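Student: task: produce atomic coordinates for the following.
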Amino acid sequence: MADLFDTAAPNAPASAGPRPLADRLRPRNLEDVIGQSHLLGPEGSLRTMLDSGALSSLVFWGPPGVGKTTIARLLADETDLHFVQISAIFTGVPELRKVFEAAKMRHANGRGTLLFVDEIHRFNKAQQDGFLPHMEDGTILLVGATTENPSFELNAALLSRAQVLVLQRLEDAELEQLVFRAETELDCKLPLTSDARVALREMADGDGRALLNLVEQVAAWKPEHPLDTPALGARLSRRAAQYDKSGDAHYNLISALHKSVRGSDPDASLYWLARMLEGGEDPRYLARRITRMAVEDIGLAEPQAQRVCLDAWETYERLGSPEGELALAQAVLYLALAPKSNAAYTAYKDARKSAKSTGSTPPPKHILNAPTGLMKDQGYGAGYDYDHDAKDGFSGQNYFPDHMGRAQFYQPVQRGYERELAKRLAYFNKLRAERQHS
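Tutor: The predicted structure is shown next:
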């Protein structure tokens, strides 16, 4: 009796019904896989495992349409393991038990099982833990596939028993190779100009399966003349860029935006802002993060930067999208071109660290108010020098706890407005030294 969730072997005969182009072009061996040469090439990590006969459980991490399922099927074929495929979206605990029981029977009869789990990150902790004993006793060789960062989505116990391999989006040359292979299979050349052919590959956004679906549509057209890029765009919709507002793309792109601003590159900053907006990011989230950049990376080198960000945020709230997004773009450009300093940010962190280590050490008594006679008798306020009455409006008294010693947290940089603040700091340090020795 056939096992539940078993799928045909990679080289099984085709079914009689119509098959999508992506299925018809599915590689029959690892050498036919387009892309992922860093894994499958002569020195690739996966090829090395296979050549040494030491294939371990794996987690494939990468975007859609780059070959995760195909490679898993071919691994089973190359290692003579029984291939079973399940999806974490549609599989519950009862179904998993049946899969494990079938694998145990197979294992007892001398045959291993390669269990491919698509969207493995969608299993909860208990379900993920359920794989562990079967991985450890050799009942299954697990190959999981995920589009999410395994460090955040998979249990440490499971990750410790599997090697994470990163699959990359297909490059333009690899996509063109895929188009050529499709044309050979279809026995026709796509009715596109060379520029439109490039545009078609761009529409796929590195996703091989999406590209083949587009190719299949275009190949069915019978125009009188090859279509140019505008004509192609009128007939096909560009595939939406891969972006998950709660996933890796979200954090990767905001990191790219922040570091481009910090690196004073206005063009790259504007590009990453546009990428996030095109992906559907909430402009209010961007407004908050842009304001954080002003505080963290520009600080007092350009005090006006924070005000520019807050004004842009308010402008967006009044105008909404898409008009208000221009205000955010202007703020990003302002930040990218502003002088940079994290001196205030660093000083704040150092002050917090010092405050934590000194605990509840009280202030020196001379800077404490004494509203009662008892407090005056305790020395509160005694010896306080009123700075407005001092020479130069500066007394130079100590304001740190008595037994702490003077600390210097803030060290302004020689950029932007902080150059002036550095001069003031040096001036007050000079006066302080003079007062202490007078």
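
Student: which regions of the stretch 251-400 of the chain sit below the pLDDT cut-off?
Tutor: Judged against pLDDT under 70, the stretch 251-400 of the chain has no low-scoring part.

Student: can you give me the strands in it?
Tutor: Applying DSSP state E, counting those that start in this stretch to the stretch 251-400 of the chain gives no strands.

Student: endpoints of stretch 397-410, how far apart?
Tutor: Stretch 397-410 has an end-to-end distance of 18 Å (criterion: CA to CA, to the nearest Å).

Student: and that stretch, how far out from the chain middle?
Tutor: The chain centroid and the centroid of stretch 397-410 are separated by 42 Å under CA atoms, centre = their mean, to the nearest Å.

Student: next: stretch 206-222.
Tutor: Centroid displacement of stretch 206-222 relative to its chain, using CA atoms, centre = their mean, is 29 Å.

Student: what of stretch 57-68?
Tutor: The mean C-alpha position of stretch 57-68 is separated from the chain mean by 16 Å, CA atoms, centre = their mean.

Student: would you mind putting the CA coordinates of it into PDB?
Tutor: What follows is stretch 57-68, C-alpha atoms only, in PDB (Å, rounded to 0.1, in the frame of the first residue of the first chain):
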ATOM      1  CA  SER A  57      19.900  16.700   7.700                       C
ATOM      2  CA  LEU A  58      19.500  20.100   6.100                       C
ATOM      3  CA  VAL A  59      17.600  23.300   6.200                       C
ATOM      4  CA  PHE A  60      17.300  25.100   2.900                       C
ATOM      5  CA  TRP A  61      16.900  28.900   3.500                       C
ATOM      6  CA  GLY A  62      16.100  31.000   0.500                       C
ATOM      7  CA  PRO A  63      13.400  33.000  -1.500                       C
ATOM      8  CA  PRO A  64      10.700  31.300  -3.500                       C
ATOM      9  CA  GLY A  65      11.400  29.800  -6.900                       C
ATOM     10  CA  VAL A  66      15.100  29.100  -6.400                       C
ATOM     11  CA  GLY A  67      15.000  25.200  -6.400                       C
ATOM     12  CA  LYS A  68      14.600  24.100  -2.800                       C
END
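
Student: tell me which residues in it are buried?
Tutor: Residues of stretch 57-68 classed as buried: Ser57, Leu58, Val59, Phe60, Trp61, Gly62, Pro63, Gly65, Val66, Gly67, Lys68 (neighbour count, 16 or more other CB atoms under 10 Å). (Glycine included, C-beta is placed from N, CA and C.)

Student: tell me which element Thr69 falls in.
Tutor: Taking DSSP states H and E as the definition, Thr69 sits inside helix 68-79.

Student: by contact count, what packs against that helix?
Tutor: With contacts taken as 3 or more CB pairs under 8 Å, 6 or more residues apart in numbering; DSSP states H and E, helix 68-79 sits against helix 45-52, strand 58-61, strand 82-87, strand 113-118, strand 140-146.

Student: contact partners of that helix?
Tutor: 7, 9-11, 26-30, 33, 36, 39-40, 46, 50, 55, 60, 62, 81-83, 85, 112, 114, 116, 118, 141, 143, 145, 167 (CB atoms under 8 Å, 6 or more residues apart in numbering).

Student: now stretch 18-31
Tutor: If you take CB under 8 Å, 6+ apart as the criterion, stretch 18-31 is touched by 10-11, 14, 33-34, 40, 47, 50, 70-71, 73-75, 77-78, 178, 181-182, 185-186, 208-209, 212-213, 215-216.

Student: repeat that with 6 Å
Tutor: With contacts defined as CB atoms under 6 Å, 6 or more residues apart in numbering, stretch 18-31 is touched by Asn11, Val33, Leu40, Thr70, Leu74, Glu185, Arg209, Leu212, Glu216.

Student: next one: it to chain centre, how far?
Tutor: Centre-to-centre, stretch 18-31 and its host chain are 31 Å apart (CA atoms, centre = their mean).

Student: which residues sit in contact with the closest residue to His134 other than its chain neighbours?
Tutor: Closest residue to His134 apart from its sequence neighbours, by CB to CB, 6 or more residues apart in numbering: Ile140 at 4.8 Å. By CB under 6 Å, 6+ apart, Ile140 lies in contact with Ala103, Thr113, Leu115, His134.

Student: could you give the bridge partners of Ile140?
Tutor: Taking DSSP bridges as the rule, Ile140 bridges to Thr113.

Student: please report how far the spatially most central residue of the chain lies from Gln436.
Tutor: In the chain, the centroid-proximal residue (CA atoms, centre = their mean) is Asn252; its distance is 3.0 Å. Per CB to CB, to the nearest Å, Asn252 is found 52 Å from Gln436.

Student: show me the chain divided up by domain.
Tutor: Split into domains by automatic domain parsing, the chain comes to 21-166, 173-180+187-235, 248-337, 355-437.

Student: of all those, which lies closest to Lys349?
Tutor: For Lys349, the closest of these is domain 355-437, at 8.7 Å, according to CB to CB.

Student: quick one: distance of that closest one to the chain centre.
Tutor: Relative to its chain's centre, domain 355-437 lies at 45 Å (CA atoms, centre = their mean).

Student: ends of that domain, what's the gap?
Tutor: 28 Å.

Student: one more: stretch 117-132?
Tutor: Stretch 117-132 has an end-to-end distance of 14 Å (criterion: CA to CA).

Student: buried set for it?
Tutor: Using 16+ other CB under 10 Å as the test for burial, stretch 117-132 gives Val117, Asp118, Glu119, Ile120, His121, Arg122, Phe123, Gln127, Gln128, Gly130, Phe131.
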